[in-house]
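Visitor: starting from these lines, generate the structure:
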Amino acid sequence: MYDAIVTVSTGKLETGGEASGSRMRHAPQQARGIARVRAILDAAEATIAELGYEAATTNHIAEAAGISVGSLYRWFPDKESIAQELVRSHLDRVAARAFAAFERTGAEPTPTLVRAVVRAVATQWLATPAISVLVAVSLGPRPPDSPAAPLRQMLLGQVAALLELRVPSIPVAERDVVARTCISLLEGALLDAAGDEDHRSAIVEEAAYAIAAYLAMKYPFEDSHRWRQPMEGLPPSRISVK
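Guide: Residues are numbered from 1 along each chain as shown. From the prediction side, this is the model:
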C-alpha cells in the first residue's frame, strides 16, 4: 500500500512514494493475510459510516468483518490504527483522480485546472462516507496521528505542487499558507456536501469556484487588468503563468 505523494517534476504533477507512517502491527505478505486486512478495512468503512467514529468499536468492526476481535488485533493494535489505514487505503484513489484531472486540463488556465481537480477529489471523497466522518473528527488542532492526517498531507502536497508550477516566484512560506487555506475551504465544503445529498453537486461547484477565484484574484496572469486596476482591499500578490 502506498501513500500518494505529489512532487514537482518536469513541469507536471506526479504521484508516487513508498508507504510510511502505518501503525499496523505488521504488513500482510500472503494472500490470506492481505484478504483479511482488506476485510477489516471494508468492515471499518461500513461501520464508521453507519455508527460514527466515536461509537464504532473494534468489536463492531470485527463482527462486521466476520472475525474474532483477537484476529483483528493480530493486525491492528487499536481503532485509531484501523482508521488511519482506512484513510491511507483511499489515498491512491483520490490522488489518481486528481492526477487524471490534471493530465486532462494541464494545458488550460489555472482556474479551469483548479476546478477540474477539485471536482475530481470531491467525486472520490464523497463516494466514501467514512472519509467525511474521519475528516470531521480530525478538524481543529491536528496531531500527526489524527485519522485523516495522511489525506490532508496528500492534498496539501498537491496544492503546493500546483502553486509551484503556476506561480514560480512563490516563497515556500506563502505557498504553504495558501495551500492550507485552499484545503481548509475544500474540507469544509465537502463535509457540508456529504451531509446534504440534495445540494451536493451545487456545493462542490461553489467550492471549486471559490478556490479557483481565490487563486485567480491572488495570482493573476501577467496581462490581467488586475495589475493595472487592483480591487481595493484585494491587491494581487504574484504573477501566475497560464
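Visitor: where does this protein dip in pLDDT?
Guide: The chain contains residues with pLDDT under 70 at 1-22, 142-144.
Visitor: what about the longest helix in it?
Guide: helix 79-105 (DSSP state H).
Visitor: now that one: buried residues?
Guide: For helix 79-105, burial by neighbour count (16 or more other CB atoms under 10 Å) applies to 79, 81-92, 94-95, 97-99, 101-102, 105. Heads up, the C-betas are built off the backbone N, CA and C, glycines and all.
Visitor: and it, what does it pack against?
Guide: strand 12-16, helix 31-51, helix 58-65, helix 110-126, helix 129-136, helix 149-166 (3 or more CB pairs under 8 Å, 6 or more residues apart in numbering; DSSP states H and E).
Visitor: give the burial count for Asp196, as a bare number.
Guide: 11 (other CB atoms under 10 Å).
Visitor: give me the element the closest residue to it other than its chain neighbours is part of.
Guide: Distances taken as CB to CB, 6 or more residues apart in numbering place Ile203 nearest to Asp196, at 6.7 Å, with adjacent residues excluded. According to DSSP states H and E, Ile203 maps onto helix 200-218.
Visitor: alpha carbons only: can I get that helix in CSV?
Guide: The C-alpha coordinates for helix 200-218 follow below in CSV (Å, rounded to 0.1, in the frame of the first residue of the first chain):
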residue,chain,number,x,y,z
ARG,A,200,-24.2,18.1,-3.1
SER,A,201,-23.4,18.9,-6.7
ALA,A,202,-24.1,22.6,-6.1
ILE,A,203,-21.9,22.7,-3.0
VAL,A,204,-19.0,21.1,-4.9
GLU,A,205,-19.3,23.5,-7.8
GLU,A,206,-19.3,26.5,-5.4
ALA,A,207,-16.3,25.2,-3.6
ALA,A,208,-14.5,24.7,-6.9
TYR,A,209,-15.4,28.2,-7.9
ALA,A,210,-14.4,29.7,-4.6
ILE,A,211,-10.9,28.1,-4.6
ALA,A,212,-10.3,28.9,-8.3
ALA,A,213,-11.5,32.5,-7.7
TYR,A,214,-9.3,32.9,-4.6
LEU,A,215,-6.2,31.8,-6.5
ALA,A,216,-7.1,33.9,-9.6
MET,A,217,-7.5,37.0,-7.6
LYS,A,218,-4.3,36.5,-5.7
